[in-house]
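A.B. asks: Just to be clear, the model below is a prediction. Sequence and coordinates:
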Amino acid sequence: MAGASQTGQQLAKEGSRMENETTFEIQEKDGLLVHQGVIRVPYTWAAGEVASRFYAGLREKKVLGLRCPACKVVLVPPKKVCHRCFSDLTDWVEVGDEGVLQTFTVVHYSEPDLHPVEAPFAYGIIKLDGADTGMTHLIGEADIKGLKAGMRLKAVFRHQPQGNYLDIAYFKPIEEANHG
Amino acid sequence: MDKVAIIGVGQTRYERGNTKSFAELVYEVTRKALDDAGLELDNIDNVVTTTNDFYDGRTIACMAVAEASGSYGRDATNVEGDGTLSAFYGLMRTLSGVYDATIVTTHCKMSEGNPRKLFNQAFDPIYDRILGMDAISSSALQARAYMDRYGVTEEQCAMVSVKNHANARNNPYAHVALEITIDDVMKSPMLAEPIKRLDISPISDGACAIILATEERARKSAKKPVWVRGVAHCTDAYRLGERDLTYSAALETAAKKAYKMAGIRNPFKQIDVAEVYDAFSYMELMWYEGLGFCDRGKGGKLVESGKTQMGGELPVNPSGGVLSAHPVQVAGLARIAEAVLQLRGEAGGRQVPGAKTALAHGITGICGQTHCVWVLSNEEA
């Protein structure tokens, strides 16, 4: 786990460099002043038991979900409590790494600080085989003009998992046997 | 429910890059609402503000606007969410019997932050925030799901944009008033399929305030009271993948509850004018369905029929709606303020003649996770 502790050290370093709200620039508009600044505040989020186990699964290329004992639905990605019946969820199940595209969009605008890939690219909601909920994710290795709801996609796992959502790098369309 | 009335409203003009401070904006609408109601601040005993720390770029942001809302020496509380929700909270406090007159204020200066980055912070930092989605790209997933399921067309969505931007020409508070055609919308730059530049609401700054009063106080007010006849709020699942994105179950539940309170059996016939939260053109069509103005999947047909235009059976968004001004957090309260103006016959060029019953609707969260529905009337129950 050398990688993990290194990340921890990096985060600690970020923390020590906390910048407070600072006014960098003052501009004038319609005879009034406008103060322009940046807020930069390091933060730590505990992933918790459920997400930690989900990410441990992805490290082994397994997609894990939680089954609700009352609603009988499998939630992927998993969460602690069923939003419908309020059951505490503990029944882990492995679902497939392939599934069905429920909806999608092709993004044409550029937002480099936010987007993990360059536009145009596609987002989709994918319901994996064995799951009852959809996962929002990126769609890659695809002809983005040919995307259709109902098509089958497969998870492409990141080579070096880091314990976050992009340990599935993206979902790619599954070539049909008689394609082309 | 005991009778509660809205007796005063105030709005700023909505625009991008307004140079007033938060407090200056809120003072403007507080003063306007008091003058509208013929009240002085001494008559107000309860203050509800609406803020979002991320949008405002400061923590405990309510303190930046509380004094401008008249908080000094009074009971002042805050809601983080759409203005319809702070109004709901103000209504409940009014019903407690402890307060006579409640002022609800809300402000937004979305132009001062980075809307896409700020909205992305609404996603789960442990899971999908890293995908970089914002309001436009997440709503595009909902638009596609809805349109695919029911065969609603991009042209039908465009009709909402044409209608509401045209209505905005009669609203002096509107930010973006346009005379455009379906073709203009269809040819505007594609942002996130199927959503195009003219399908989305603008980034607007502004503020709004309303004054809620008990029956006793309302009977003494300067203006004809507008009575709260029904109101309800309902929340869906947080994650998009756990919702039926083709239909808003939360809106349907909220609308049914509000209609039951108000004694409304056929909303399309009994409501004279509606102001709904159309952050994107497709949303107005989905909200028609959730509000029971038409059957599921028939929102496109309804706008096509012209019945929701000015002069139609049920004009929707005579003000130009959120497509014409989107000060987030203000937009829902602005819907209520517009409904009040309609019921008083004070809506000027956007007046729906003889309107007796009006609906106002607000949303909060990714793709309308929560919905709040208000039924207002100038007639007592």
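C.D. replies: Received, thanks.

A.B. asks: and the helix or strand where B:Phe119 lies, what does it pack onto?
C.D. replies: Under the criterion DSSP states H and E, the helix or strand holding B:Phe119 is helix B:115-120. Here helix B:115-120 is seen to pack against helix B:135-150 when contacts are counted using 3 or more Cβ pairs under 8 Å, 6 or more residues apart in numbering or on different chains; DSSP states H and E. Where C-beta positions appear, they are placed from N, C-alpha and C, glycine not excepted.

A.B. asks: check whether the helix it packs on contacts chain A.
C.D. replies: Yes. Interface with chain A: helix B:135-150 contributes B:136-138, B:140-145, B:148 (Cβ under 8 Å from any Cβ of the partner chain).

A.B. asks: buried set for the helix holding B:Phe119?
C.D. replies: By neighbour count, with 16 or more other Cβ atoms under 10 Å in any protein chain shown as the criterion, the buried positions of helix B:115-120 are B:115-116, B:118-120.

A.B. asks: Stretch B:100-109 now?
C.D. replies: B:100-109.

A.B. asks: cool, stretch B:64-80 as well?
C.D. replies: So, applying 16+ other Cβ under 10 Å, buried residues of stretch B:64-80: B:64-71, B:76, B:78-80.

A.B. asks: Let me see the residues that make contact with that stretch.
C.D. replies: Stretch B:64-80 is contacted by residues B:22-24, B:26-27, B:30, B:41, B:44-53, B:56, B:58, B:62, B:85-86, B:89, B:93, B:99, B:103, B:105, B:107, B:209 when judged by Cβ atoms under 8 Å, 6 or more residues apart in numbering or on different chains.

A.B. asks: Point out the ones among those residues that are inside strands.
C.D. replies: B:46-50, B:103, B:105, B:107, B:209 (DSSP state E).

A.B. asks: Out of those, flag the one nearest to chain A.
C.D. replies: Within these, proximity to chain A (Cβ to the nearest Cβ) peaks at B:His107, which comes in at 16.6 Å.

A.B. asks: Give me the nearest residue to the closest one, chain neighbours excluded.
C.D. replies: With sequence-adjacent residues excluded and distances taken as Cβ to Cβ, 6 or more residues apart in numbering or on different chains, B:His107 is closest to B:Ala207, at 4.0 Å.

A.B. asks: by contact count, what packs against whatever helix or strand that neighbour lives in?
C.D. replies: Secondary structure assigned from DSSP H and E places B:Ala207 in strand B:205-214. With contacts defined as 3+ Cβ pairs under 8 Å, 6+ apart, strand B:205-214 has these neighbours: strand B:4-11, helix B:22-37, helix B:83-95, strand B:101-109, helix B:331-344.

A.B. asks: and among those, the most buried is which?
C.D. replies: The densest packing among these, expressed as mean neighbour count by mean count of other Cβ atoms under 10 Å in any protein chain shown, is seen in strand B:101-109 with a mean of 29.

A.B. asks: Quick check: residues of the stretch 1-150 of chain B near chain A?
C.D. replies: By the rule Cβ under 8 Å from any Cβ, the part of the stretch 1-150 of chain B lying against chain A is B:17, B:19, B:57-58, B:116-117, B:120, B:125-134, B:136-138, B:140-145, B:148.
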